[in-house]
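> need a structure here:
(chains A and B, ligands or ions: 2)
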Amino acid sequence: MKFNIEDLPVLFPYPRIYPEQYAYMCDLKRTLDAGGHCVLEMPSGTGKTVSLLSLIVAYQQYYPEHRKLIYCSRTMSEIEKALAELRGLMKYRAEQLGYEEDFRGLGLTSRKNLCLHPSVKREKSGSVVDARCRSLTAGFVKEKKERGEDVDLCIYHENLDLLEPHNLIPAGVWTLDGMLQYGEQQKQCPYFTARRMMPFCNVIIYSYHYLLDPKIAERVSKELSKDCIVVFDEAHNIDNVCIESLSIDLTEDALRKATNGATKLDRKIMEMKSTDAAKLQNEYAKLVEGLREADEARDDGAFMANPALPDDLLKEAVPGNIRRAEHFIAFLKRFVEYLKTRMKVLHVISETPPSFLQHLKELTFIEKKPLRFCAERLTSLVRTLELSNIEDYQSLQEVASFATLVATYDTGFLLILEPYESESATVSNPVLHLTCLDAAIAIKPVFDRFSSVIITSGTISPLEMYPKMLGFTTVVQESYSMTLARRSFLPMIVTRGSDQGDISSGFQIRNDPGVVRNYGNLLTEFAKLTPDGIVVFFPSYLYMESIISYWQGMGILDQVWKYKLILVETPDSQETSLALETYRTACSNGRGAVLLCVARGKVSEGIDFDHHYGRTVICIGVPFQYTESRILKARLEFLRETYRIKENDFLSFDAMRHAAQCLGRVLRGKDDYGIMVLADRRFQKKRGQLPKWINQALLDSDTNLSVDQATATARKFLKTMSLPFPARFQEGISTWSAEDLAKHKAKLEEEKIRELQHGSGDRHVHGQDVIREAEGEFDEEGIDDAMMELDA
Amino acid sequence: MSRLAQRSGPPAARREGEEDDVCPVCKSSRYLNPNMRFLVNPECYHRIKNKFRKQTFEDIQVEREVDIRRRVAEVFNRREDDFNSLLDYNNYLNDVEDITYNLINKIDLDESERKLASYASRNQQTISLNVQKSLQESQNREARQVLEKEQARIRREAARREEQEEKRDREEGRRDVINMLASSDGDASRIAREGQQAVLKRSKTRQAAIQKQQQALSSDSSNGAPNGGFFIQGLKTKVEPVDEGPYDPFQGFSDKRKYFVQQNRYAWDRLDRLQKDTNWTAGGYDFREFCSRTLCEAFSGLGVFIGEEVTRTDPAFVGSVATVAAAEAGAGSKDIMMEDPF
Ligand code: SF4
Ligand SMILES: [Zn+2]
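Ligands and ions are numbered 1, 2, ... in the order given. Here you go, the predicted structure:
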């Protein structure tokens, strides 16, 4: 359908639109017009991605600035889904407009997923694929080849040079699959095709890391212009992604490998000195000037980028004492030796970077400044030496990144040495964590550089937490409720067993046999009444295992077994995918199944249980993080000191966002239905932290139920769901046709005018007005009429 | 050779054949150096000459390298601000590193030693000056660290107190409601609601108070007088030309007393008597001077509040307090109560 939002004509590739989609688009437009950032929470299964794409594509095609869209998602399958949506949208636009627009949309993921080289693509580890690819594609390798030396090149990469650099692939939208096929046909590398075509794309869809991980972002994303529109989808975990991208763990093994790497480099330097001393001299001369000069040859084949080095530093000359290659290697070796001595300590150490640097200096005479340059200096050296087996130097590279980070940030980072893996371990296996405490550090360059950043997800409550933690301000911050023609999902909070005993995964009572039995009864009852699939989430693997063994002893599993197949998620992803497959088969063939999994595991993030794959989801216990982790403790302290976020507030926020993610798994569209059970008495007080759309559907009477009450309510709900509900009952209420939309818009505009006359409001359409107005409609000709009609 | 332990007790009497002891590392023996002491390695029981220093690094080469570096660093201790340009400084670093590298790898050893010695003798003054400077710096740093830790502790305690108070308020509120319910026959839900509001109000007032306190703390620290020899470096004081106004020989200093007004005459017999005694007044002694001094002494302690002065802090490091605090939390030196946030 076709409609206008204010002056902007939008083509939407479906004949009907949900009111919340329209509201979402209005707010998006408002954000883009204002040139600011926003946080938007859109109920799951209401077509967030297609709304986003329709609006932004309309925006870039209509306005003369043609702002580029950078759409970041988390997983490969989400990227593929978004690309497919975009493809559909562009097809629809072409049909409506009567011509094909000049448009390019590409997706980018790691080399591991896009490589076509017959032997490289078979490598299991992503970093090995990267390293081997670099060895086959670096600029100097090609030069060697041209000089007639016997070196290997990747033909898929070479072929790209035969094409026009700005037209490596025909215009249009390419899914990852499509790229792979095209690449195989034309014998050209899909990865480099996408990388090199990025400046010519209207839409780029890739994973978070290409923007957030400074080691990659510098390389891949630096040419993107300021007015790009950046979207982070499924962003409820974005703070953790930020933190992980700047944290480094070192082990004794890594240090050993780093030493080997340094020794090997030393040898290479000696070799080069005797064969081609001019090259080293040349590098030296350039470093006297500064890194940027030495780096003009930064290209795809480069070794690595520095982690978050401030730009002014890059322009500065390299410190004199690490200019010479051999000096630098001695420097690195000394640093690695120092780290090794730190690993010898047998008690936990936690210290700030300044204190670490001070001790380092006292012992080894290593100063802060050359340390900061480590990562860049190493890159330059590796390039000068024209090394081909880059994977040999990966640990050394890690150490260099470590050095650069620890010397660059005085605050927001912490070093934690843990000599033992666990409290009970007797053999030490030390890990030195350089952990980032401040999510704002990694994302700051993104907010600084791009004028509009959109943070969105199905569950991103409370909205104000994100600007606080990530250090930005929003122009729009909105959470949408779900317009429904009938109540299609039933959230409940179960606080007691049938024996009226409290149920909770709280520390004091979690292993209480009464509690365990009540949880067991809950599962048994729901296994009886739920058709097809049930998904159960536990706070942790440990807890899940202990409950399962209790249930085994109590005969509860045998009971459940009568009604459903039982499958369990494990930390092993292969095992889990097998379990998932079996689960789906059992749901589809009518046997029905229960999947027991973990709230922070793989299943809870990104696996959908639509329709019969998930009719009930049960959250057993509040999924709190493991609070004994030192890293978490440190982060909590930092959040409190810096952002005034209380420890308990953060823990509870974090638990609830995971709970909401779990609940959202079973509802994947408006024609879907499902039951959401929050089974812990503590959920009662946490209700306000649920996403608005879930909270609104949660009736007050359903917030303090016992197991038998919950069972009765669920039965009643499933009965209504079994009544036929023709799509026409949704029309005009939870879905709008073009005429419905026109009608609602007219009403809205009237209101707008009235508001303006009274001096309040602005000329923009606000999403909230749309929803309010739509819900007004719902009251008038709501569900009762519809039901009456049914009965008749 | 990784762990060295001193042999217990002083060598009272020489053992037989001790002259034959030879250090496996440096090959010096007791025959040549009778005062040499040996350490025993408890793992392999090789006896090694006592160097009075524990080995720090696994790699003995690095151990040696660091010793050499220490020697070099004591002499070549120029600072960046000694140089006209960064390039000059970097070139200097490069040269020093060349010498060090040669010393470590025994290249042109004599030449390098000579360079080191001649620089040391020619630049004695600068060297000791720079030693002073870096000593000062490290003292500052230490003082700063102590203050940061203290700050973190204070803030954490405040947060914990706040939490406890909140909890207590909640409990009190609940008790109040129960009492009211028990003692009156009013509408139960109304009472519960009112009780809740009372708790809310209390917590709001407290929050406001805390905020005020924090503001006070931070504004306090913005002009905080340094104590314990602590000062911020590199702050250039910006002086704006001000209208000087009429000339004031005392530069704004006033001799007006804040806490007392001196009278012309005090009724005190002894004073009256002496005032009339020419023995005292002949030299021009003015008894008002005496009164003024006495009063001044009597009042001089007022207006000094020690409490205020000790808690002053510096704003420059408030930001890093968070990281320091996190470090302590990470070390697990104290535990945050977070088993069950409900
Ligand atoms: S250039 Fe492309 S195809 Fe060749 S190794 Fe690298 S990623 Fe694989
Ligand atoms: Zn010896």
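> report pLDDT for residue A:640.
With respect to pLDDT, residue A:640 has a value of 89.
> just residue B:271 next, same as before
With respect to pLDDT, residue B:271 scores 80.
> before we move on, what about residue B:223?
Predicted confidence (pLDDT) for residue B:223: 36.
> kindly report the same for residue A:761.
58.
> and stretch A:551-561, which residues are buried?
By neighbour count on 16 or more other CB atoms under 10 Å in any protein chain shown, the buried set for stretch A:551-561 is A:551, A:556-557, A:559-560. For every residue, glycine as well, the C-beta is placed using N, CA and C.
> quick check: residue B:146 vs residue A:318, distance?
Remark: distance between residue B:146 and residue A:318 (CB to CB, to the nearest Å) = 35 Å.
> could you break chain A into its assigned domains?
A:2-119+A:169-244+A:442-479, A:247-306+A:316-437, A:489-723 (the TED database).
> where among the ones you listed is average confidence lowest?
domain A:247-306+A:316-437 (a mean of 86).
> any part of that one near chain B?
Yes: contact of domain A:247-306+A:316-437 with chain B (CB under 8 Å from any CB of the partner chain) involves A:288, A:316-321, A:323-324, A:326-327, A:330, A:333-334, A:337-338, A:340-341, A:348-355, A:358, A:363-365, A:410-414, A:416, A:437.
> inside strands: which ones of those residues?
A:349-351, A:413-414, A:416 (DSSP state E).
> most neighbours of all the residues you listed, which one?
Neighbour tally across those (other CB atoms under 10 Å in any protein chain shown): the maximum, 30 neighbours, falls on residue A:414.
> picking that back up, tabulate the buried residues of stretch A:551-561 (TSV), appending distance to ligand 1.
Below are these laid out as TSV (distance: CB to the nearest ligand atom, whole Å):
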residue	distance to ligand 1
A:551	48
A:556	51
A:557	47
A:559	53
A:560	48
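> for chain B, state which of those is nearest.
Using CB to the nearest CB, the shortest approach to chain B within the buried residues of stretch A:551-561 belongs to residue A:551, at 23.6 Å.
> counting contacts, what elements does the strand or helix carrying that closest one pack onto?
Assigned by DSSP states H and E, residue A:551 belongs to helix A:541-554. Here helix A:541-554 touches helix A:513-529, strand A:593-598, going by 3 or more CB pairs under 8 Å, 6 or more residues apart in numbering or on different chains; DSSP states H and E.
> CA atoms of the last one as PDB?
Just to be clear, that refers to strand A:593-598. Provided in PDB are the C-alpha atoms of strand A:593-598 (Å, rounded to 0.1, in the frame of the first residue of the first chain):
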ATOM      1  CA  ALA A 593       7.400 -31.600  23.300                       C
ATOM      2  CA  VAL A 594       8.900 -29.700  26.200                       C
ATOM      3  CA  LEU A 595      12.200 -27.900  25.700                       C
ATOM      4  CA  LEU A 596      14.100 -27.200  28.800                       C
ATOM      5  CA  CYS A 597      16.600 -24.400  28.300                       C
ATOM      6  CA  VAL A 598      18.500 -21.500  29.900                       C
END
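> what lines up beside the helix or strand following that strand in the sheet?
Next along the chain after strand A:593-598, taking DSSP H and E as the criterion, comes strand A:616-620. Paired with strand A:616-620 in the same sheet, following DSSP bridges, are strand A:533-538 (parallel), strand A:674-679 (parallel).
> now render those strands as CSV, adding distance to residue A:235.
Converted to CSV, these look like this (distance: least, CB to CB, whole Å):
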stretch, distance to residue A:235
strand A:533-538, 21
strand A:674-679, 22
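> so which of those gets nearest residue A:696?
Comparison of these against residue A:696 by CB to CB identifies strand A:674-679 as nearest, at 12.9 Å.
> gap between the residue of the stretch 101-250 of chain A found nearest ligand 2 and ligand 1?
The nearest approach of the stretch 101-250 of chain A to ligand 2 comes at residue A:250, 33.2 Å away (CB to the ion). Here the criterion is CB to the nearest ligand atom, to the nearest Å. By it, residue A:250 lies 28 Å from ligand 1.
> one more: residue A:178?
Residue A:178 sits at a distance of 16 Å from ligand 1 (criterion: CB to the nearest ligand atom).
> quick one: buried residues of the helix or strand hosting that residue?
Assigned by DSSP H and E, residue A:178 belongs to helix A:176-186. Neighbour counts over helix A:176-186 (16+ other CB under 10 Å) mark A:176, A:178-180, A:183, A:186 as buried.
> immediately after that helix, which helix or strand?
helix A:190-197.
> which residues does the helix or strand just after that following helix contact?
Downstream of helix A:190-197, the first helix or strand assigned by DSSP H and E is strand A:203-207. Residues outside strand A:203-207 that contact it (CB atoms under 8 Å, 6 or more residues apart in numbering or on different chains) are A:53, A:56-57, A:68-76, A:79, A:82-83, A:86, A:103-110, A:173, A:198, A:220.
> thank you, goodbye.
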